[in-house]
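Asks: this one's sequence-less:
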């Protein structure tokens, strides 16, 4: 019943037993490690080590937490020292280590002085090279695809998240507009740059909220400019009951009053948001629609390999499937009807690419481009950026 005693038993009783059973099996069987680093709540860099092995007692491959350690400075030497100390403390044989899975950054997988290279040189010459984390490669592909658009959408999404993060009152006002439009409310989500495909989930969330965001930020437009975009707002309100319209107008008045009491940073941020929601709305909608249509191809691959069970036997098949699916968005079909070895040597020059009208941009973006108000320059720029994104990613 004593919490202190219970905690002691958990730490030095049950937990210790788990560690003894795990290390006992690792001393007599091959195993693989998965290492990753993240910041904890105290802003310390914590490296977590997972171990994968075949458990004879459970008759299956198991993934367990082997240990974690704080690393004040993340260098390959420091990581190797800490990992060596963990092995010594648990009395694990380096000879049983067959592979390591980690990020593809220089510290982890640098060819000459990365952590994997140090382990192979100093402790485990038998270590296999299984490449970096295949899911991280897909994140990097998404980053390459988005690069030609010069962070137009990413900056907007970051500003939206910041604008609502610290203000419950702002979230309440946006929620009331969502209710009026019968849109499911959720606060604008955070885009995480080092997990680039988080862009997809945030973009999908923004797509749902877009009409509500227009009504919300319309209140921040200077009165001299409101008449320019009033038709857009009237279109969003067209199907609402008069009473509901009055409620939205009252909410917008509350939002307008907030602007006068905001900080300078807040006002500048709102002006950046207003510019992309109204003045550059056509470009914003095109990029938003494109990302929501193309990035699921990469997300599907990542979701498959984030399962707990070993999937190495599926890796080649899924990678070939991903490459063909992605290249099929902008490469002529006859260039993809080849063997895997030939696919790796494929020349992605203009000759192998389809015409603008046949490039995959998604149904929503296609529909937007057919609208007469879309200028020729905007269409040309959009197709050039999309083609470059496909090429760099491919």
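Replies: Here it is on my side, so go on. Note that the structure is a prediction, hence the values are computed from the model and not measured.
Asks: Every contact and neighbour count from this point should use C-alpha atoms.
Replies: Will do.
Asks: Show me where the stretch 101-250 of the chain has its helices.
Replies: Counting by DSSP state H, counting those that start in this stretch, the segments of the stretch 101-250 of the chain that form helices are 106-109, 115-122, 134-146, 152-165, 168-181, 198-218, 223-237, 242-260.
Asks: Tell me which of those approaches residue 379 most closely.
Replies: Between residue 379 and those, the shortest gap by C-alpha to C-alpha is with helix 152-165, which sits at 15.8 Å.
Asks: Would you check how far apart residue 262 and residue 235 are?
Replies: Distance of residue 262 to residue 235, given as C-alpha to C-alpha, to the nearest Å: 29 Å.
Asks: Residue 126 now?
Replies: As judged by C-alpha to C-alpha, residue 126 and residue 235 stand 67 Å apart.
Asks: got it, and residue 201?
Replies: To residue 235, residue 201 is 27 Å away according to C-alpha to C-alpha.
Asks: These two: who's more crowded?
Replies: residue 201 (17 against 9; other C-alpha atoms under 10 Å).
Asks: Check the gap between the more buried one and residue 299 for me.
Replies: Per C-alpha to C-alpha, residue 201 is found 10 Å from residue 299.
Asks: Tell me where the model's unsure across this structure.
Replies: Applying pLDDT under 70 to the chain picks out residues 1-13, 372-374.
Asks: What strand or helix carries the residue lying closest to residue 56 once chain neighbours are set aside?
Replies: Ranked by C-alpha to C-alpha, 6 or more residues apart in numbering and with sequence neighbours excluded, the top spatial neighbour of residue 56 is residue 25, at 8.0 Å. Here residue 25 sits within helix 15-26, counting by DSSP states H and E.
Asks: going on from that helix, what's the next piece of helix or strand?
Replies: Using DSSP H and E, the helix or strand that follows helix 15-26 in sequence is strand 31-39.
Asks: who touches that next one?
Replies: The contact list for strand 31-39 (C-alpha atoms under 8 Å, 6 or more residues apart in numbering) reads 45-54, 96-103.
Asks: 10 Å instead?
Replies: Strand 31-39 is contacted from outside by 25-26, 44-54, 61-71, 74, 83, 94-103, 108, 127-128, 133, using C-alpha atoms under 10 Å, 6 or more residues apart in numbering.
Asks: Got a ChimeraX select line for the buried ones in the residues you listed?
Replies: Listed next is the ChimeraX selection for buried residues among those, using 16 or more other C-alpha atoms under 10 Å:
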select :25,26,45,46,47,48,49,50,51,52,53,54,62,63,66,67,68,69,70,83,94,96,97,98,99,100,101,102,103,108,127
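Asks: Out of the contacts of strand 31-39, which sit inside helices?
Replies: Using DSSP state H, 25, 26, 83, 108 are the members of the contacts of strand 31-39 that sit in helices.
Asks: With distance to residue 145 as new columns, can those be given to me in a markdown table?
Replies: Output for those, formatted as a markdown table (distance: C-alpha to C-alpha, whole Å):
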| residue | distance to residue 145 |
| --- | --- |
| 25 | 44 |
| 26 | 42 |
| 83 | 36 |
| 108 | 25 |
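Asks: Identify the farthest-apart pair in those.
Replies: 25 and 108 (26.7 Å).
Asks: Can you give me the distance of the residue nearest to residue 56 to residue 316?
Replies: Taking C-alpha to C-alpha, one finds residue 25 at 30 Å from residue 316.
Asks: Pull out the buried residues from stretch 182-191.
Replies: For stretch 182-191, the neighbour count (16+ other C-alpha under 10 Å) marks 183, 185, 187, 188, 189, 190, 191 as buried.
Asks: Can I get the residues you listed in CSV including distance to residue 117?
Replies: Output for these, formatted as CSV (distance: C-alpha to C-alpha, whole Å):
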residue, distance to residue 117
183, 52
185, 49
187, 44
188, 42
189, 38
190, 35
191, 33
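Asks: and which of these is nearest residue 141?
Replies: Minimum distance to residue 141 across the buried residues of stretch 182-191 is 16.3 Å, recorded for residue 191 (C-alpha to C-alpha).
Asks: Pretty sure that closest one sits against residue 151.
Replies: No - if you go by C-alpha atoms under 10 Å, residue 191 and residue 151 don't touch, sitting 11.6 Å apart.
Asks: joint contacts of these two?
Replies: In contact with both residue 191 and residue 151: residue 157, using C-alpha under 10 Å, 6+ apart.
Asks: wait, isn't residue 173 in contact with residue 248?
Replies: Yes - counting by C-alpha under 10 Å, residue 173 does reach residue 248; the two are 9.4 Å apart.
Asks: Do I have it right that residue 237 meets residue 215?
Replies: Yes - using C-alpha under 10 Å, residue 237 is in contact with residue 215, at 9.0 Å.
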